[in-house]
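Participant: A predicted structure for the sequence below; I have some questions about it.
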Amino acid sequence: MNTPFATIPDDGNRLRVIVVGAGGMGQAWLRTVEESTLVELAGIVDLDLEAARAAAASLGRPDLPVGARTAQLAFDVGAQAVINVTVPAAHHPVTTEALAAGLPVLGEKPVASTVAQGLSLAAAAELHGQLFMVSQSRRYNKHLFEAKHLSSSVGPVGIVSAEFFKAPHFGGFRDAMDHPLLLDMAIHQFDMARFLLDADPVSVFCEEYNPSWSWYRGDAGATAIFEMSGGERFVFTGSWCSPGQETSWNASWRISGEHGTVLWDGDTHPTSSLPGTFEPKQDPGQEIAGSLRDFVSAVRTGSNPMGRVHRNIMSLAMVEAAILSASSGARISVDELLEDSYQQALRAELNPDVRGVLQSWPSVRNALTGQSVRL
């Protein structure tokens, strides 16, 4: 989806933003915003005003405006954009409110709690002519870009695999989740695979499991095989209760093509079985700082950033399809999941204008990616 959105031309001043959410991830974003030369932190929104004030104080800015309502605080402080770092359940209402107020939004992943809610947000972004970008922060990694470049020389790619093995003792909500690995982590690798292949999912077969020693209530291990739109296969296998010899948080990757293979350990320079080097034209930046820079550039120039809502929904669709496959024991068609989600979005949408945008789409996949897939 490449429809234009409103821009805010560079006037020599930093873009004024408010951050919504003062939890752990919110505080990471607040530090990143404060360190950026591109944006100015104008306020913090949180339902817990004491948490917002504490976050402001931790930045050395105890007088920073805080509030409990996104649009109201944005209006009061003259904010030009919103960074939504709330819990996933709040992504839809907070982003909807900001877009309706004429504010572009940079949101933490996932786009929303469900694909259906993500479709609603994509339609709302179209309706209001505003950018909504999802921060898939692990795309912003120079070694990932290098791996993608090196893979261009191995010929047609047949399979990409990612292995993810960690043993974090988080405590809290992750330990009680139904699908901790797939819901909270695997979306990163699923999104990275889409980036590496320039392809979207067609179908998936997935199994979840939980070793006897796991400290998670839900299944902490999973293996998923995706058919991608270019005919490639993407295989993810991982566990969140595998101590010893742990992989990178980015996973360990193999890209196998007709003429050779690229390996990437997730942390250092990738290697190729073929000769070649990579000289990046531009450093993509690192994680959320790179995401923030991409967002500001898009708002200023109208460029199409990575993570724009329409395309990013496909990464969440991979998660939902994998969970549905694991639950049913069947191979899941992503187009069928998208259609089911679309019907859910139509039924749940309270704004008739947003519903009208949804109804105007020729097909869900075409609206999201500009292409159709033959099953």
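Facilitator: Everything's here; your move. Bear in mind that the values here come from a model prediction, so they are computed numbers and not experimental data. Numbering: from 1, shown residues only.
Participant: Look at the spatially most central residue of the chain and report its pLDDT.
Facilitator: Per Cα atoms, centre = their mean, the C-alpha nearest to the average position across the chain is that of Gln136, at 3.5 Å. The confidence metric pLDDT takes the value 94 at Gln136.
Participant: Mind exporting the C-alpha coordinates of the longest helix along the chain to CSV?
Facilitator: Of all segments of type helix in the chain, defined using DSSP state H, the longest is helix 309-328. Extracted C-alpha coordinates of helix 309-328, given in CSV (Å, rounded to 0.1, in the frame of the first residue of the first chain):
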residue,chain,number,x,y,z
VAL,A,309,0.8,-0.6,8.9
HIS,A,310,-0.6,-2.2,5.7
ARG,A,311,2.5,-4.3,5.1
ASN,A,312,3.3,-4.9,8.7
ILE,A,313,-0.1,-6.7,9.3
MET,A,314,1.4,-9.6,7.3
SER,A,315,3.9,-10.2,10.1
LEU,A,316,1.1,-10.5,12.7
ALA,A,317,-0.8,-12.7,10.3
MET,A,318,2.1,-15.1,10.3
VAL,A,319,1.8,-15.3,14.1
GLU,A,320,-1.9,-15.8,14.1
ALA,A,321,-1.7,-18.4,11.4
ALA,A,322,1.0,-20.3,13.2
ILE,A,323,-1.0,-20.4,16.4
LEU,A,324,-4.1,-21.5,14.6
SER,A,325,-2.1,-24.3,12.9
ALA,A,326,-0.6,-25.5,16.2
SER,A,327,-4.1,-25.5,17.8
SER,A,328,-5.8,-27.3,14.9
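Participant: After it, which helix or strand is next?
Facilitator: Proceeding N to C from helix 309-328, the next assigned helix or strand is strand 332-333, under DSSP states H and E.
Participant: how about the helices in the stretch 251-375 of the chain?
Facilitator: Ranges of helices in the stretch 251-375 of the chain, per DSSP state H, counting those that start in this stretch, are 287-301, 309-328, 334-348, 352-360, 364-369.
Participant: ugh, wrong one, the stretch 1-150 of the chain
Facilitator: 24-35, 49-58, 70-77, 88-100, 115-128, 142-151.
Participant: List just the one of those helices that sits closest to Ile187.
Facilitator: helix 88-100 (10.7 Å; Cβ to Cβ). Glycine gets a C-beta too; all of them are placed from N, C-alpha and C.
Participant: Run the angle between that closest one and helix 115-128 for me.
Facilitator: 10 degrees (axes from the mean of the first three to the mean of the last three Cα atoms, to 10 degrees).
Participant: which helices and strands sit right next to helix 88-100?
Facilitator: helix 70-77, strand 81-84, strand 105-108, helix 115-128 (3 or more Cβ pairs under 8 Å, 6 or more residues apart in numbering; DSSP states H and E).
Participant: What are the buried residues along it?
Facilitator: Pro88, Ala90, His91, His92, Val94, Thr95, Thr96, Glu97, Ala98, Leu99, Ala100 (16 or more other Cβ atoms under 10 Å).
Participant: could you redo the helices of the stretch 251-375 of the chain as TSV and give each row mean pLDDT and mean neighbour count?
Facilitator: As requested, the helices of the stretch 251-375 of the chain are exported to TSV (pLDDT from 0 to 100; neighbours: other Cβ atoms under 10 Å):
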stretch	mean pLDDT	mean neighbour count
helix 287-301	97	21
helix 309-328	97	23
helix 334-348	98	18
helix 352-360	97	15
helix 364-369	92	20
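Participant: Buried by neighbour count: which residues of stretch 25-36 qualify?
Facilitator: Buried, per 16+ other Cβ under 10 Å, within stretch 25-36: Gly26, Gln27, Trp29, Leu30, Thr32, Val33, Ser36.
Participant: OK, contacts around the closest residue to the second one other than its chain neighbours?
Facilitator: Across the structure, with Cβ to Cβ, 6 or more residues apart in numbering as the measure, the residue nearest Gln27 apart from its sequence neighbours is Ala55 (5.7 Å). For Ala55, the contacting residues are Ala22, Gly26, Gln27, Leu30, Ile44, Asp46, taking Cβ atoms under 8 Å, 6 or more residues apart in numbering as the criterion.
Participant: In contact with the residue lying closest to Pro305 once chain neighbours are set aside, which residues?
Facilitator: In space, and not counting its chain neighbours, Pro305 is closest to Ala298: 4.1 Å by Cβ to Cβ, 6+ apart. For Ala298, the contacting residues are Leu131, Met133, Asn304, Pro305, Arg308, by Cβ under 8 Å, 6+ apart.
Participant: what about the last one, neighbour count?
Facilitator: Right, the one you point to is Arg308. Counted with other Cβ atoms under 10 Å, residues neighbouring Arg308 total 22.
Participant: isn't it right up against Leu131?
Facilitator: Yes. Contact criterion Cβ atoms under 8 Å: Arg308 and Leu131 qualify, at 7.1 Å.
Participant: rewinding a little: check the residue nearest to Gln27 and give its pLDDT.
Facilitator: Reading off the model, Ala55 has pLDDT 97.
Participant: how much space is there between it and Glu34?
Facilitator: Ala55 sits 11 Å away from Glu34, going by Cβ to Cβ, to the nearest Å.
Participant: and if you look at Ala199?
Facilitator: Ala199 is 37 Å from Glu34, by Cβ to Cβ.
Participant: Spatially nearest residue to Arg331 (excluding sequence neighbours)?
Facilitator: Spatial nearest neighbour of Arg331, excluding adjacent residues (Cβ to Cβ, 6+ apart): Phe205 at 4.6 Å.
Participant: actually Gly302, not the one I wrote
Facilitator: Nearest residue to Gly302, sequence neighbours excluded (Cβ to Cβ, 6+ apart): Thr7, at 4.8 Å.
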